[in-house]
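J.: heads up, no residue letters with this:
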């Protein structure tokens, strides 16, 4: 496993990302209590992305440590690019609850799983984010990535579940408040840029440890 310091750094970075109430959280607000079921489907698919990332990145490391370093550098650059795109892009205004159909729990679970499973942005994010916290000198890269991915998934269920629990008038207010949407764009963009830089330095520091 990664060192305890690196694990705490990863937890802090993950929470910074997960606590940003962006469009995905507003979707959960819109679904009200059904959001709990959707969350389980979404994060079941997250685990699939984690497994794919663990297998793929460990294969890259097995073939070439230099190639793995290149992947980490590209991942840090991707996080920074996402932050810049968020800041300079347009505010996303999610749809309201109007028009949402009442589906059964099985349908909500399936829809959440399928949407996140086939989301290329999710796959790219994990390929960019998780490698930054892998300590190569400690070996077992696949296990490290899987462990960190499991932590991220558990944190995601907790934070998203908290938002679903708090769903109500706050969700409607957030969706319609342009000041909030603008502030969310700049704050989340700055966090992504900061995480890209921090993760790169954290990864380099971790790989130099024995």
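T.: All right, it came through fine. All figures in this text were calculated on a predicted structure; none of them were measured in a lab.

J.: where does the chain dip in pLDDT?
T.: Residue ranges of the chain with pLDDT under 70: 20-35, 90-105, 166-177, 180, 199-200, 202-210.

J.: all helices of it, in order?
T.: For the chain, the helices defined by DSSP state H cover 4-18, 23-31, 34-63, 65-88, 105-117, 120-129, 141-165, 169-176, 178-207.

J.: Let me know which of those is tucked in deepest.
T.: Most buried of the helices of the chain, by mean neighbour count (mean count of other C-beta atoms under 10 Å): helix 23-31, with a mean of 21. The C-beta positions use only the backbone N, C-alpha and C, and glycine is treated the same way.

J.: Now do the contacts for residue 85.
T.: Shown in contact with residue 85 (C-beta atoms under 8 Å, 6 or more residues apart in numbering): residue 189.

J.: Recalculate using a threshold of 10 Å.
T.: Neighbouring residues of residue 85 by C-beta atoms under 10 Å, 6 or more residues apart in numbering: 189, 192.

J.: hang on, isn't residue 17 packed against residue 195?
T.: Yes: using C-beta atoms under 10 Å, residue 17 is in contact with residue 195, at 6.8 Å.

J.: Now do the shared contacts for those two.
T.: Taking C-beta under 10 Å, 6+ apart as the contact rule, residue 17 and residue 195 both touch 79, 129.

J.: follow-up on the earlier one: distance to residue 135 for the helices of the chain - can I get that in CSV?
T.: Compiled in CSV, the helices of the chain are given as follows (distance: least, C-beta to C-beta, whole Å):
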stretch, distance to residue 135
helix 4-18, 6
helix 23-31, 30
helix 34-63, 12
helix 65-88, 12
helix 105-117, 28
helix 120-129, 15
helix 141-165, 7
helix 169-176, 38
helix 178-207, 4
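
J.: any idea how far residue 9 is from residue 198?
T.: As judged by C-beta to C-beta, to the nearest Å, residue 198 and residue 9 stand 8 Å apart.

J.: joint contacts of those two?
T.: Joint contacts of residue 198 and residue 9 (C-beta under 10 Å, 6+ apart) are residue 132.

J.: Could I get the contacting residues of the residue lying closest to residue 51 once chain neighbours are set aside?
T.: Counting by C-beta to C-beta, 6 or more residues apart in numbering, the nearest residue to residue 51 once its immediate chain neighbours are dropped is residue 146, at 6.9 Å. Taking C-beta under 10 Å, 6+ apart as the contact definition, residue 146 lies against 47, 50, 51, 53, 54, 55, 58, 130, 140.

J.: Of those, which is the nearest to residue 189?
T.: Nearest to residue 189 among the contacts of residue 146: residue 130, at 20.8 Å, using C-beta to C-beta.
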